[in-house]
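> give the three-dimensional model of this entry:
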Amino acid sequence: VGRATMVGGVPRQLNVLIDPDRLSAFGVGVGEVTAALRQENQDLPAGDIEQGREVQSIQVEGRVEDMADFLDIIVARRGGQPVRLGDVATIEDGEAEAFSLALLDGEQALAVDVVKTQGANTVGVATDIRAAVAELMDGELPDSVLIEVVRDNAKPVEDSYHGVQNMMVEGAALAVLIVFLFLNSWRSTVITGLTLPISVIGTMTVIFFLGFTLNIMTLLALSLAVGLLIDDAIVVRENIMRHLHMGKSHRDAALEGTNEIGLAVLATTLSIVAVFLPVAFMEGIIGRFFLQFGVTVSVAVLISLFVAFTLDPMMSSVWYDPAGEPDAKRGPLGRLIAQFGRFFDWLASGYRVVLRWSLRHRITTLAVAFGAFFGSFALVPFVGVEFAPAADNSEFQIDIETPPGSSLAYTAGKVRQIDRLLRSFPEIDGTYATVNSNSGEGQNSASIAVSMVGPAERVRTPTDMTAPVREALLRIPGIDMTIGAAGGLGGLEAPVQIK
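Numbering: from 1, shown residues only. Modelled structure (predicted):
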């Protein structure tokens with residue numbers, strides 16, 4: 001944790017209540033009292049100590065620690081006798097004026113904004129804070145005190161992380177299922193499917209030694225590569241099966257089948273590497289994001305190529321597969337999948353008809369191809385341009401400013417008006433507002449984080465909500481507002497920013 005800032009708290013202060021009559025009786029001025037308090041309640045420098053190459057500064061602790069000790073401070077001398085603060089004033093424990101305010105769903109609260117240090121893991125810091133909050137709630141706080149995590153920037157990261165993980169598992173399962181449908185052999189499916197775990201585990205090993213982490217970019221790379229990892233193994237295994245159907249032995253089919261298409265498979269894999277690896281060397285913000293992405297994809301497909309040229313032919317040569325026989329008998333599931341194979345053969349025969357027509361009418365085919373290519377450029381003006389697609393984190397933010405010089409109470413009143421107005425939208429779940437949360441903003445500045453119900457319970461996204469909310473807030477006078485939803489990289493931002 002780099003910083004923890006309290007918002008809405010009232011700082012403690014000691015109030016010095018001067019008795020004017022006693023002050024006049026001793027002949028002491030208010031200026032002498034304030035000067036004495038300022039001088040006697042401070043730490044003073046006492047020089048330096050030099051030790052070899054180091055210099056250590058020394059300070060004398062002079063600040064008063066106990067409230068009762070303030071009464072012994074000498075504020076003046078009259079007639080050679082000291083006049084102490086306790087002779088002319090009393091002290092009470094009080095509260096300073098509030099300079100910030102926090103509102104949770106329109107009700108006053110005490111907020112603590114926690115900011116992590118640069119380079120710290122967002123999810124790790126959030127997990128530790130949740131554990132600390134749970135420990136406090138278990139018995140260290142009174143029953144009337146409730147601690148609630150209002151905003152958690154780690155939640156979108158965790159949701160994206162788990163979403164990519166699920167997508168990677170689903171992609172791998174679908175890839176294996178499709179292989180089974182086309183090859184109609186569970187042994188062939190196992191041989192080709194082994195490429196996936198071996199390649200993924202091998203890629204994670206390389207990621208570890210390169211100092212990368214399992215983040216959104218590396219997991220996205222693995223989920224994209226799932227469909228590519230099994231390609232080489234499918235091509236090699238399918239060609240081996242073709243040689244088996246010719247009546248060759250498993251060993252000869254593995255050797256000749258792999259040698260026959262080895263160059264094509266190598267060229268395909270290297271072309272993928274040639275596309276993704278340069279992405280890792282891009283400059284600027286894009287390069288920082290896609291460094292791990294490009295390296296992960298390239299490493300994964302290279303490992304899959306190695307597996308396709310070594311493990312797959314080896315297993316094909318020693319593991320007898322009855323499905324490789326020309327007239328192999330199949331069970332009920334095999335016969336059902338064979339129907340899919342016959343459908344695909346029918347589709348291939350239709351494709352041959354289209355191919356023959358294309359070869360006989362080459363000029364027409366080229367004209368259609370070039371027309372589709374150049375015609376697609378006409379669609380460019382209708383396609384929006386943005387750095388990254390908008391993210392739906394079920395949250396948007398409203399920043400307001402009241403006229404300069406506005407008091408904390410006036411700004412808080414405007415925030416409560418906005419909160420009541422937001423309640424009219426069924427998509428709104430709650431609000432968290434802060435006034436003057438940063439000391440440099442001023443008491444006329446406020447920020448409102450608006451949380452929405454889950455995506456399954458609404459139709460409009462946070463970006464869609466900005467326009468109707470902006471139109472509704474125009475009915476509140478005396479405020480300047482900026483409304484923004486989460487951008488493609490997760491940060492809350494306005495759609496257009498001019499600086």
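> run the chain-centre distance for whichever strand or helix holds residue 229.
Using DSSP states H and E, residue 229 maps to helix 216-245. Taking the mean C-alpha point of helix 216-245 and that of its whole chain, the gap between them comes to 30 Å (C-alpha atoms, centre = their mean, to the nearest Å).
> next SSE after it?
helix 250-276.
> quick one: buried residues of that following helix?
In terms of neighbour count (16 or more other C-beta atoms under 10 Å), helix 250-276 has its buried residues at 250, 253-255, 257-258, 261-262, 265, 268-269, 272-273, 276. All C-beta atoms are positioned from the backbone trio N, CA, C, and that covers glycine.
> one more: stretch 437-453?
437, 441-452.
> just the ones in strands from those, please.
445, 446, 447, 448, 449, 450, 451, 452 (DSSP state E).
> now, which of those sits nearest residue 179?
Lowest distance from residue 179 to these (C-beta to C-beta) belongs to residue 452, with 41.5 Å.
> how about the contacts made by that closest one?
Contacts for residue 452 (C-beta atoms under 8 Å, 6 or more residues apart in numbering) come out as 394, 395, 396, 427, 428, 429, 458, 462, 465.
> hmm, 10 Å instead?
392-396, 425-430, 458, 460-462, 465, 485 (C-beta atoms under 10 Å, 6 or more residues apart in numbering).
> and those, which are buried?
Counted by 16+ other C-beta under 10 Å, those give 392-396, 425, 427-430, 458, 461-462, 465, 485 as buried.
> relative to residue 8, which of those residues is nearest.
Among the buried ones among the contacts of residue 452, and counting by C-beta to C-beta, the member closest to residue 8 is residue 430, at 16.4 Å.
> hang on, that closest one in a strand?
Yes: under DSSP: H, G, I helix; E, B strand; the rest coil, residue 430 sits within a strand.
> separation between it and residue 450?
From residue 430 across to residue 450, the span is 8 Å (C-beta to C-beta, to the nearest Å).
> can you check residue 98 too?
24 Å.
> any low-confidence regions in the chain?
321-335, 337-338, 386-390, 439-440, 486-499 (pLDDT under 70).
> identify the contacts common to residue 430 and residue 450.
Common neighbours of residue 430 and residue 450 (C-beta under 10 Å, 6+ apart) are 419, 422.
> can you give me the strands in the stretch 101-250 of the chain?
Using DSSP state E, counting those that start in this stretch, the strands of the stretch 101-250 of the chain run over residues 101-104, 107-109, 111-115.
> and the second one, how far from the chain's centre?
Pointing back at strand 107-109 there. 28 Å.
> again with stretch 447-462
17 Å.
> same question, stretch 144-163
That offset, for stretch 144-163, works out to 11 Å (C-alpha atoms, centre = their mean).
> in it, what counts as buried?
153, 154, 155, 156, 157, 160, 161.
> switch the residues you listed over to JSON lines; also include distance to residue 235.
Listed next are the buried residues of stretch 144-163 as JSON lines, based on distance: C-beta to C-beta, whole Å:
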{"residue": "153", "distance to residue 235": "44"}
{"residue": "154", "distance to residue 235": "42"}
{"residue": "155", "distance to residue 235": "42"}
{"residue": "156", "distance to residue 235": "39"}
{"residue": "157", "distance to residue 235": "37"}
{"residue": "160", "distance to residue 235": "33"}
{"residue": "161", "distance to residue 235": "32"}
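> got a list of what the closest residue to residue 160 other than its chain neighbours touches?
Among residues not flanking residue 160 along the chain, residue 216 sits closest, at 5.3 Å (C-beta to C-beta, 6 or more residues apart in numbering). Each residue near residue 216 by C-beta under 10 Å, 6+ apart is listed here: 157, 160, 161, 163, 164, 289, 292, 293, 490.
> before we move on, what about residue 12?
93, 94, 95, 96.
> and which of those residues is nearest to residue 201?
For the contacts of residue 12, the nearest to residue 201 is residue 96 (59.3 Å; C-beta to C-beta).
> give me the neighbour count for the closest one.
As a burial measure, residue 96 scores 12 neighbours (other C-beta atoms under 10 Å).
> can you pull out the helices in this protein?
Along the chain, the stretches classed as helices by DSSP state H are 20-26, 30-40, 85-88, 122-135, 154-183, 186-193, 195-209, 216-245, 250-276, 284-318, 332-360, 362-375, 408-422, 462-473.
> export only the CA atoms of the third one, formatted as PDB.
When you say that, I think you mean helix 85-88. Taking C-alpha atoms only, helix 85-88 is exported to PDB below (Å, rounded to 0.1, in the frame of the first residue of the first chain):
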ATOM      1  CA  LEU A  85      -1.000  28.900  30.000                       C
ATOM      2  CA  GLY A  86      -3.100  27.300  32.800                       C
ATOM      3  CA  ASP A  87      -3.200  30.700  34.500                       C
ATOM      4  CA  VAL A  88      -5.000  32.500  31.700                       C
END
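> and it, what does it pack onto?
Applying 3 or more C-beta pairs under 10 Å, 6 or more residues apart in numbering; DSSP states H and E, we find helix 85-88 packed against strand 12-18, helix 20-26, helix 30-40, strand 74-78.
> how about 6 Å then?
helix 20-26 (3 or more C-beta pairs under 6 Å, 6 or more residues apart in numbering; DSSP states H and E).
> how about the second one?
Judged by 3+ C-beta pairs under 6 Å, 6+ apart, the packing partners of helix 30-40 are strand 74-78.
> before we move on, what about the fifth one?
For helix 154-183, the contact count by 3+ C-beta pairs under 6 Å, 6+ apart identifies helix 122-135, helix 186-193, helix 216-245 as packing neighbours.
> right, I'll call it a day here.
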